[in-house]
Every structure is written in structure tokens, then in C-alpha cells.
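Chemist: pasting the sequence and the predicted model now:
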Amino acid sequence: MKATLETILKKVANPPAPQNWVRLIVADDQLSTAIRIANLALGIPAFNYVIGMKMCHDRVQYKLELDTALKATAGYGAPAGREQNGEFVRAFWEYDKTRQYSEARCLDSYNGFFPISRHVKIPTKPTFTILENKQQIPVVLCGWKTVPLDLSQRRIISTVYESGLFSYGAYRHSPAEIVFFPEFETETGPQRFAEVWRRGDYGTLPASELRDLLEFYSLAQEQAIPIIQEKWAKIQEKAREKERLERDIGRDEPQPISLQDDFFDGR
């Protein structure tokens, strides 16, 4: 679908998952936050971990074999991300040998959300939910190669999931998990390992801090709109200029001679 200003502005009102959303926030700098929001709305990521996430989910639900999962990550999604998705999947399979998610029963997951404002919500769906020790445990995976999050950002993510997912129904008293797979250097080369956040590891923001944060972000969202409009106008002008140049080049090229031209008449 061709991007329009309307579809781009809709992305502002539909923030990404908490771990991606928190990276838009520059503490005490509303303009920088607004610029990051604008750039996210206007940009197209080189790749994502959608196929890797699906393979990890299918490992837990259907006992998917690693070879099958790697064939999928090598053949689907943006080429730029196929290697990273494969590494992520390998790391999850390795961790599953000891954690044994795939040995548990896989259940349907809740589709949660965390409200930023009246009309703006962050999605908070787990990658999968397992039944373990008579408890429903939601597990959120993140495929990043690094985890560049400070303590404040970790607390924000924990707060969003606690309020927007872990407090729901059967999850309310469960030991929920958020799992990253950062890469480290080893004697045999780079390798990914599980970094597990268990519910309560980082605590949650006090109500006053959370309120200030949401107000700060809402103002940055509003500030992002004219930035997007200005950048979009420049993008459209460049596209029109490119079309004009292509038309001009086309007019300058020699035209093919028709066999019906008088040139061949001979009179």
C-alpha cells in the first residue's frame, strides 16, 4: 500500500510494543522525543523479527523442529533480517532445552493494551502463554541483538506490561517473563544468550512519575505532527522533481522512426 500523509499520521496514534516505544522517549527532551516519533512514522525498518517470533511460538505450541524454523527464517521476511532472525531462533531453541517452554501446554493469550491517552494505546500481547504449575504464564520475547536499555527504561517497560497485561485475569498472580536474547563474544565466536526479566525484577513507576511520563509523551506526539507534515512535504516535492526530470529525459531521447514515415516514400 502506498504511503499517504494520513496513513503516516495514524502510525503516530498507534505506538509500537513497549520495548520499542520506550526507545522513542528521550528523558526531559520533548523535541528530541517528537523527532524520534516523526522518524518512526515516516521510516520503514530494514527488517523485523515477526518470522522469528512466529517460529518461537510454533515451537511451544506445535513442537516445531529447529530445521523447519530455520528454513522459514531463511526464506521469509526482509533479506536484511534473515540472518538475525535465524540467530534469534537458534538462541531460543537452545534456551528452551533448559527452560522447557515446549514441554508445557500452550494456551491462547490475552491481547492486552496500555493506554497512553484516551485514543492512544500500546499493544501488550505476549508471544505465547503456557500452563505451568497450574498457572498461566505469559512470555514476551524480544529478538534484539543488544539490550540498550537503562534502569529507567526497564522500569517503564515493566510498568507498561504490569498494568497493560500481567494484571489481567488469569495472569494476575503468575510469574510472567520478558526474555531478550543479546549477543556476547565467546571463545567460539559471537553467541546469543537469554536475558530473562521476571515479574517484579525492576518494579514499576510510582503513579505520579507515570502520569508525568504519559503527559510528556502525549505532548511530544502533538509536536511530532507538524514535523511530519513538513518532512512529508519535502519528500513529495523531491518525488515530483524526480518525475519532472524523468519526463524531460524522455523527451530528449531520439524517437524511433516509423516505417510509414514519408522519409521512406522516395518521392
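Modeler: Thanks, I have it.

Chemist: what about the helices in this protein?
Modeler: 5-12, 18-21, 30-42, 50-62, 66-75, 82-99, 151-161, 207-252 (DSSP state H).

Chemist: quick check: the gap between Gln19 and Asp201.
Modeler: 14 Å (Cβ to Cβ, to the nearest Å). In short, each C-beta sits where N, CA and C put it, glycine included.

Chemist: ugh, wrong one, I meant Gly143
Modeler: 20 Å.

Chemist: neighbour count: these two, which is higher?
Modeler: Gly143 (24 against 12; other Cβ atoms under 10 Å).

Chemist: so where's the stretch 101-250 of the chain shaky on pLDDT?
Modeler: 250 (pLDDT under 70).

Chemist: can we see that at 90?
Modeler: For the stretch 101-250 of the chain, residues meeting the criterion pLDDT under 90 lie at 111, 117-120, 168-169, 239, 242-250.

Chemist: about what we covered before: so which of the helices of the chain comes closest to Phe193?
Modeler: helix 82-99 (6.9 Å; Cβ to Cβ).

Chemist: quick one: mean pLDDT for that closest one?
Modeler: For helix 82-99, mean pLDDT is 98.

Chemist: which parts of that helix are buried?
Modeler: Within helix 82-99, the residues that count as buried by 16 or more other Cβ atoms under 10 Å are 82, 84-96, 99.

Chemist: which of those lies closest to Cys56?
Modeler: Nearest to Cys56 among these, with distances taken as Cβ to Cβ, is Phe92, at 4.7 Å.

Chemist: how about the contacts made by the closest one?
Modeler: Applying Cβ atoms under 8 Å, 6 or more residues apart in numbering, one finds that Phe92 lies in contact with Gly52, Cys56, Arg59, Leu141, Phe181, Ala194.

Chemist: which among the residues you listed end up buried?
Modeler: Gly52, Cys56, Arg59, Leu141, Phe181, Ala194.

Chemist: tilt between the longest strand along the chain and helix 151-161?
Modeler: The single longest strand within the chain, with elements called by DSSP state E, is strand 135-142. Angle, strand 135-142 to helix 151-161, by axes from the mean of the first three to the mean of the last three Cα atoms, to 10 degrees: 130 degrees.

Chemist: pull up the pairing partners for strand 135-142, direction included.
Modeler: strand 128-132 (antiparallel), strand 177-180 (parallel) (DSSP bridges).

Chemist: mind listing what the nearest residue to Arg155 once chain neighbours are set aside touches?
Modeler: Using Cβ to Cβ, 6 or more residues apart in numbering and skipping residues adjacent in sequence, the residue nearest Arg155 is Tyr202, 4.9 Å away. Residues counted as contacts of Tyr202 (Cβ under 8 Å, 6+ apart) are Leu151, Arg154, Arg155, Ile157, Ser158.

Chemist: ok, so of the residues you listed, who is nearest Ile25?
Modeler: The closest of the contacts of Tyr202, once distances to Ile25 are taken by Cβ to Cβ, is Ile157, at 10.9 Å.

Chemist: contact partners for the nearest residue to that closest one once chain neighbours are set aside?
Modeler: Once flanking residues are discounted, Ile157 sits nearest to Pro18: 4.9 Å by Cβ to Cβ, 6+ apart. Pro18 sits next to Phe114, Ile122, Thr124, Ile156, Ile157, Val160, Tyr161, Gly164 when contact means Cβ under 8 Å, 6+ apart.

Chemist: buried set for stretch 184-198?
Modeler: For stretch 184-198, by 16+ other Cβ under 10 Å, it's Arg192, Ala194, Trp197.
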